[in-house]
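**Student:** Build the 3D model from these lines:
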Amino acid sequence: MGFLDKFSYQILGITRIVAGLLFLEHGTTKFLNFPPGNMHPPLASLSGISGMIEIVTGVLIVLGFFSRPAAFLASGTMAFAYWLVHAKNSMFPVQNGGDAAILFCFLFLYLAAAGPGAFSINKK
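**Tutor:** From the prediction side, this is the model:
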């Protein structure tokens, strides 16, 4: 789609912001109950640690501040979450609820490689 080529840098930045906000939402649900949810893990649990990673890396990714290392850490967290939590329930992501984890994993891996795009605090 050649007509979008001139906007690829901006689209990359918007994709980073939207993905970061969605990721951040997972952490805020766990610890701030916003939006309201039923998962409120203790901080010293695997879910608690992943929630803190979701909040910290989500904010960094949204702001475009050290977004490459943040996206890489978020990608690894989602790979770990998929294999540790979701895959043991079923082989198929649509059945085990892990489709979002897979998408986040590969989207954040792409962002770690491609960089933050437009609208970022720094280019790292």
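**Student:** who touches the biggest helix by length in the chain?
**Tutor:** Looking across the chain with DSSP state H, the single longest helix is helix 8-31. Residues from elsewhere that reach helix 8-31, judged by C-beta atoms under 8 Å, 6 or more residues apart in numbering: 4, 34-37, 39-41, 47-48, 51-64, 67, 71, 74, 104, 107-108, 111, 114-120. Yep, even glycine has a C-beta here, placed from its N, CA and C like the rest.
**Student:** Buried ones in that helix, by neighbour count?
**Tutor:** 12-13, 16-17, 19-20, 22-31 (16 or more other C-beta atoms under 10 Å).
**Student:** And for stretch 116-124?
**Tutor:** Result for stretch 116-124 [16+ other C-beta under 10 Å]: buried residues 116-117, 120.
**Student:** ok, these vs Lys88, which is closest?
**Tutor:** Pro116 (34.0 Å; C-beta to C-beta).
**Student:** ranges for the helices of this structure?
**Tutor:** Going by DSSP H, the chain shows helices at 8-31, 46-63, 67-81, 93-96, 99-114.
**Student:** right, and the ones you listed - which one's nearest Ala87?
**Tutor:** Here helix 93-96 is closest among those (C-beta to C-beta), at 6.4 Å.
**Student:** Figure out how far that closest one is from the centre of its chain.
**Tutor:** Computed by C-alpha atoms, centre = their mean, to the nearest Å, the separation of helix 93-96 from the middle of its chain amounts to 19 Å.
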